[in-house]
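K.L.:
what would the 3D arrangement of this be:
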Amino acid sequence: MVPGNYRITTKVMVSILFGLSAFILNFHAINFAQFVEFKASILLGLLFPLLISLAWGWRFGLLSALAGGCQSMWWLWRTDGYGVFYAVPVFTLWILWHGIWADYRKNKGPAVKWYHSMYVVELIFRIFSEAGFYTIFRWLVSFNPPPWNPDIIWNHVSYSWIHFVVIKHLVTAYILMLIAHVLLNIGPFRKFFMMPHKPGQKSTTFVVSAFLLLGIFLWIIDSVVVHYAFSQSTDSLLTAITSNISPRDLFVRNLFLLVCLVSGLLVSRFLAERHAANQKIRELNRDLELRVHQRTVQLEETNKELEDFVYSVSHDLRAPLRSISGFAEIINRRHKSFLNEEGQHYFDNIVKAGRQMGDLIDDLLKFSRLGRKAITSENVSLDDVFKTAIKTLSDEIQKTDGRINLPEQIPDIQGDVTLTTHIFINLLENALKYHQPNLPPVINVSFEMKNQDVVVSVADNGIGIAPEYHEKIFNIFQRLHSQEDYPGTGIGLASVKKAAHIMGGRVWVESEPGKGSVFKIRFLTATTAQTGKAGIRLNIDD
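P.N.:
Residues are numbered from 1 along each chain as shown. The predicted structure follows:
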């Protein structure tokens, strides 16, 4: 037998068993409240076909109702005479009505609206069904006595009795729906009815159970207080709690249970909605992380393609540029004297442009190699890095009569030696290049510890940078000055930013025109190293 047929067979058997159980249980009505002329009771057996209808739809609900869940009323209310032909079928229609709407809500899924809930559609059913009691039921009763029971002589129904019945039907219907709603939100019941797992199901079970226990506790407390403080009865406490209860006390204690049940349902609903919201947030976060990962991969692939393109183009341009430069040198040595002054000026511009092109290609190759080289993360001594940078820039330091001041303590960082050296050679070289006229460059290096990071500052007394260019200067080919004033390719700071990013760091600048610049780089810190010099000055005499 296939699983689908097995499930249908199981549902049919359970529906019939529930209907038969409800048939027997309806003969033991539960009194909810007692009044002078009327008694309000609940046929708890109606809960069984209602559960089937809400869980599995109208077909199985109707089967359970016809199997006995809504048929015991033919015996219970036989004293209504002809009126029973309206009063009893209404309950079967009630089960059918909620089963149809349960199927509708299941098919609509998330698109279901609030006015599709069973509490709202119940009002529609009540309007028409109770209107039938005011009209059809009273009309049928007027034909009494029926031939099958001539002892039934009443043939008139007062409006006060109809009013009470309508209110009783409305209250008991909502109580039964509330109980069914609670049960179908509890984990074991959902598993029994083969319903899908619901978010926050465990918390719903716990909350509803706790509030029901609270209602029972209040029932017992009220019984104890009434028995010992106000009751004149000689009955035992157990009898006072369970059976011998006055109509007023019965109403109050049932109200306790009802309020606790509603409170538990509202709290569990709130928890379920919060759980669903948290689940939605987690799904959105996972989706966002996936999109970020995909976009990161795409960007990495794009950057890799761009780096390969730049490397390829730069490498391929070197050969023809080498030829141009070579032929230009030959012409310069052998034939420059044959050119007039204007021709020599144009030729000098060609040679100068070739050299600039060569420098640009070299810088492009260095920039592209930053992303192609394998990176080694290790402890890097900034003391050794600055010594290497100062040695590399010794000619420029002598030429500008510059001074580089290092702190007495320089921490080690976590990074790559080659990239770190590249960063500080570029920053120191720029600080030496962009100095103010007739003012020797002075460069102060300092550091600051921030949590697990170290921020190294390279401050100069140069020409400064306007605030609107603080971000742009780190873009490739971004230059603020002409080649005549300050020669360069516009790649240096872009390569500094790229090198810092590769090592997981960051670089930025703080500067104003005419007040110098402070370039700051954030690295991961390692151990602190000691260096013995407070300042280094390299002149021709050094």
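K.L.:
quick one, helices of the stretch 151-300 of the chain?
P.N.:
159-183, 187-192, 201-225, 237-242, 247-334 (DSSP state H, counting those that start in this stretch).
K.L.:
mean pLDDT lowest for which of those?
P.N.:
Within those, the stretch with the lowest mean pLDDT is helix 237-242, showing a mean of 66.
K.L.:
for this protein, which strand is longest?
P.N.:
Longest strand in the chain, counting residues (DSSP state E): strand 517-530.
K.L.:
got the buried residues for that strand?
P.N.:
Neighbour counts over strand 517-530 (16 or more other CB atoms under 10 Å) mark 517, 519-523, 525-526, 529 as buried. All C-beta spots, glycine's among them, are computed from the backbone N, C-alpha and C.
K.L.:
where does pLDDT dip in the stretch 1-150 of the chain?
P.N.:
The model of the stretch 1-150 of the chain has pLDDT under 70 over residues 1-4, 31-40.
K.L.:
how about the helices of it, start to end?
P.N.:
Here the stretch 1-150 of the chain has its helices, by DSSP H, counting those that start in this stretch, at 3-25, 47-56, 58-64, 73-76, 84-87, 89-108, 118-132, 138-141.
K.L.:
adding distance to residue 377 and mean neighbour count, write those helices out as TSV.
P.N.:
Formatted as TSV, these follow (distance: least, CB to CB, whole Å; neighbours: other CB atoms under 10 Å):
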stretch	distance to residue 377	mean neighbour count
helix 3-25	55	16
helix 47-56	60	28
helix 58-64	66	24
helix 73-76	82	15
helix 84-87	84	18
helix 89-108	56	19
helix 118-132	62	15
helix 138-141	91	18
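K.L.:
pretty sure residue 414 contacts residue 522?
P.N.:
No. Look at residue 414 against residue 522 with CB atoms under 8 Å: they stay out of range, at 11.6 Å.
K.L.:
does residue 456 sit in a helix, a strand or a coil?
P.N.:
Classification of residue 456 using DSSP: H, G, I helix; E, B strand; the rest coil returns strand.
K.L.:
pLDDT value on it, please?
P.N.:
Per-residue pLDDT puts residue 456 at 91.
K.L.:
could you check how far it is from residue 420?
P.N.:
10 Å (CB to CB, to the nearest Å).
K.L.:
now for those two: what residues contact both?
P.N.:
Overlap of the contact sets of residue 456 and residue 420 (by CB atoms under 8 Å, 6 or more residues apart in numbering) consists of 382, 413, 523.
K.L.:
output those as a markdown table; include the columns distance to residue 103 and pLDDT.
P.N.:
Below are these laid out as a markdown table (distance: CB to CB, whole Å; pLDDT from 0 to 100):
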| residue | distance to residue 103 | pLDDT |
| --- | --- | --- |
| 382 | 73 | 88 |
| 413 | 67 | 88 |
| 523 | 65 | 89 |
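K.L.:
which one of these is nearest residue 267?
P.N.:
residue 523 (52.0 Å; CB to CB).
K.L.:
to what extent is residue 402 buried, counted in neighbours?
P.N.:
Counted by other CB atoms under 10 Å, the residues lying close to residue 402 total 22.
K.L.:
can you report phi and psi for it?
P.N.:
Here is the backbone geometry of residue 402 (degrees, to the nearest 10): phi -80, psi 170.
K.L.:
quick one: the residue minimising distance to the centre of the chain from residue 274, how far?
P.N.:
The centre of the chain sits closest to residue 281, judged by CA atoms, centre = their mean, with a distance of 1.8 Å. Shown here: residue 281 relative to residue 274, a distance of 10 Å by CB to CB.
K.L.:
so residue 87 touches residue 79, yeah?
P.N.:
No. Counting by CB under 8 Å, residue 87 does not reach residue 79; the two are 10.9 Å apart.
K.L.:
name the element residue 508 belongs to?
P.N.:
Secondary structure from DSSP states H and E places residue 508 in strand 506-511.
K.L.:
what helices and strands are in contact with that strand?
P.N.:
Judged by 3 or more CB pairs under 8 Å, 6 or more residues apart in numbering; DSSP states H and E, strand 506-511 is in contact with helix 492-502, strand 517-530.
K.L.:
all set now, cheers.
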